[in-house]
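Model the structure of this input:
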Amino acid sequence: MNDVLTTAEDGPVDHPRRAAGLHTPVLLERCLDLLAPALIGPGAPASPILIDCTLGTGGHAEAALERFGDLAVVGIDRDPEAIALASSRLARFGRRFRAVRTTYDHVDVLAREAAARAGRRDGLVDAILMDLGVSSLQLDRTGRGFSYARRAPLDMRMDQSAGRTAQDILDTADERELARILRDYGEERFAARIAAGIVRRRESADPVASTDALVEVVRACVPAAARRSGGNPAKRTFQALRVAVNAELEILERAVPRALNSIRVGGRIVIESYQSLEDRIVKRALAAGVSSTAPEGLPVVPPDAEPYLKSATRGALRADDVERAANPRSASVRLRAATRVRPADQAPAPELAPRPRTHPATMTARGRRGR
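Numbering: from 1, shown residues only. Predicted coordinates:
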């Protein structure tokens, strides 16, 4: 996929009511409250800039544009349908909104472009929002294959114009690689059993070729006792394949430091995560920024060792009972936010080291125990 393929100016349009009805933003007012000090507080410019890294159908962006009258928003999404729907929904804001079709690890490039458009020379923006994971638009589209609740082809691509599908992985990956994907990206306890079951179906000339067939294999491979709690036993397998197909964790590892280096002093980053692998990446990046790099015991911390972030939340915020009842998809959310307190050119957030991958020898031993 090209870095930038479609903008609001040249993308297709759709009815804005359709977009508004597809998704209920999670913790919407809390996100806006956390963004507010960077957009209208002391030190905020007259025309602040927000980058919405996960545009979806435009719910967060619309609420921000409505609440902050002088705000400009750049929305990022790799899904062309999301770009079209959000662009139509937000067309009434004119030049205050621009959509870009790309992955959000290009946030630094788009921040520099947005700053230049606004006549800023520092290449920085005021706030960045990330609402991670799969969107309601994708979950609710039967043909996309994201949901284990409906029969569909095993696609799972957020951008259906390019890249391998979940079906490609199931058809070509060997048993060891399948087990690694399920374990690393889904934290699936029975990864080895499920991988073996998928390969057995493939070798018997009856390959897994639809979402319901995949659910059937997983149910057969997960012990009965483990199926009695925790919801659908296939949910971790579906998560793992979706994450692998879309390289979600690798992109997030690149995106968070680049986002942190794209906000001005006093700027805010707000991130919503929905599964533990995402939240660990976010937590690790923010924890590095709020910590001093000086050795313990120094009587005075040198200025260049001071933290470059200040946490704006105490740990991760969760949805309350009212929100969970109104919006069940908020049940797993973890919301973290931070403010940049030192300039990015003096204290850049480092690129995150890749997550450790399971060693093949360890994987084989675990696999034997799992069966």
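
Point out where the stretch 251-371 of the chain drops to low pLDDT.
Applying pLDDT under 70 to the stretch 251-371 of the chain flags the ranges 355-371.

What ranges does it have for its strands?
263-273, 309-311, 334-340 (DSSP state E, counting those that start in this stretch).

and the longest one, what does it pack onto?
Other elements packing on strand 263-273 under the criterion 3 or more CB pairs under 8 Å, 6 or more residues apart in numbering; DSSP states H and E are helix 28-40, strand 125-131, helix 248-260, helix 276-290, strand 334-340. (Each C-beta comes from the backbone N, C-alpha and C, glycine too.)

Would you point out which residue is most central in the chain?
Leu132 (2.6 Å; CA atoms, centre = their mean).

how much space between it and Asp279?
9 Å (CB to CB, to the nearest Å).

any common contacting residues for those two?
Taking CB atoms under 8 Å, 6 or more residues apart in numbering as the criterion, Leu132 and Asp279 both touch Ser273.

Return the most buried member of the helices and strands packed on strand 263-273.
By mean neighbour count, with neighbours taken as mean count of other CB atoms under 10 Å, strand 125-131 ranks first of these at a mean of 27.

Need the contact partners of that one.
By CB under 8 Å, 6+ apart, strand 125-131 touches 25-26, 31, 35, 38-39, 44-45, 48-54, 56, 60, 64, 74, 104, 107, 111, 114-115, 255-256, 259, 262-264, 266-272.

cool, and stretch 38-52?
35, 37, 60-61, 64, 68, 70-76, 107, 110-111, 114-115, 118, 125-129, 259, 262-263, 265-268, 339.

Now list the buried members of those.
35, 37, 60-61, 64, 68, 71-76, 107, 110-111, 114-115, 125-129, 259, 262-263, 265-268, 339 (16 or more other CB atoms under 10 Å).

packing partners for the host helix or strand of Arg183?
In the assignment (DSSP states H and E), Arg183 maps to helix 175-186. Applying 3+ CB pairs under 8 Å, 6+ apart, one finds that helix 175-186 makes contact with helix 166-172, helix 191-203, helix 235-246, helix 360-370.

chain center to that helix, what's the gap?
The chain centroid and the centroid of helix 175-186 are separated by 20 Å, computed with CA atoms, centre = their mean, to the nearest Å.

quick check: mean pLDDT across that helix?
In this model, helix 175-186 carries a mean pLDDT of 97.

Check which residues of that helix are buried.
Neighbour-count burial for helix 175-186, counted by 16+ other CB under 10 Å, picks out Glu175, Arg176, Leu178, Ala179, Arg180, Ile181, Leu182, Arg183, Asp184, Tyr185, Gly186.

Kindly report the same for stretch 155-174.
For stretch 155-174, burial by neighbour count (16+ other CB under 10 Å) applies to Asp155, Met156, Arg157, Met158, Asp159, Gln160, Thr165, Ala166, Gln167, Ile169, Leu170, Ala173.

For it, measure first residue to last.
Counting by CA to CA, to the nearest Å, you get 19 Å between the two ends of stretch 155-174.

Just give the nearest non-adjacent residue to Thr54, would you?
Using CB to CB, 6 or more residues apart in numbering and skipping the chain neighbours, the partner closest in space to Thr54 is Asp131 (4.5 Å).

same thing with Gln167?
The shortest distance from Gln167 to any non-neighbouring residue, by CB to CB, 6+ apart, is to Leu154 (4.2 Å).

my read is that neighbour is in a helix, agree?
No. Counting by DSSP: H, G, I helix; E, B strand; the rest coil, Leu154 is located in no helix; its state is coil.

Around Arg189, count how many other residues there are.
Number of residues near Arg189 (other CB atoms under 10 Å) recorded here: 16.

which SS class is it?
Three-state call for Arg189 (three-state DSSP): coil.

That one reaches Ala225, doesn't it?
No. Look at Arg189 against Ala225 with CB atoms under 8 Å: they stay out of range, at 11.7 Å.

Identify the contacts common to those two.
With CB under 8 Å, 6+ apart, Arg189 and Ala225 have no common neighbours.

can you list contacts of stretch 108-115?
3, 49, 51, 72, 74, 76, 98, 100, 102, 121-125, 128, 258-259, 261-263.

Using PDB, write down the CA coordinates of that stretch.
C-alpha atoms of stretch 108-115 as PDB (Å, rounded to 0.1, in the frame of the first residue of the first chain):
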ATOM      1  CA  ASP A 108       5.300  11.800  12.300                       C
ATOM      2  CA  VAL A 109       5.200  12.600   8.600                       C
ATOM      3  CA  LEU A 110       1.600  13.700   8.800                       C
ATOM      4  CA  ALA A 111       2.300  15.800  11.900                       C
ATOM      5  CA  ARG A 112       5.000  17.700  10.000                       C
ATOM      6  CA  GLU A 113       2.700  18.200   7.000                       C
ATOM      7  CA  ALA A 114      -0.100  19.500   9.200                       C
ATOM      8  CA  ALA A 115       2.200  21.800  11.100                       C
END
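
Fine by me, we can end here.
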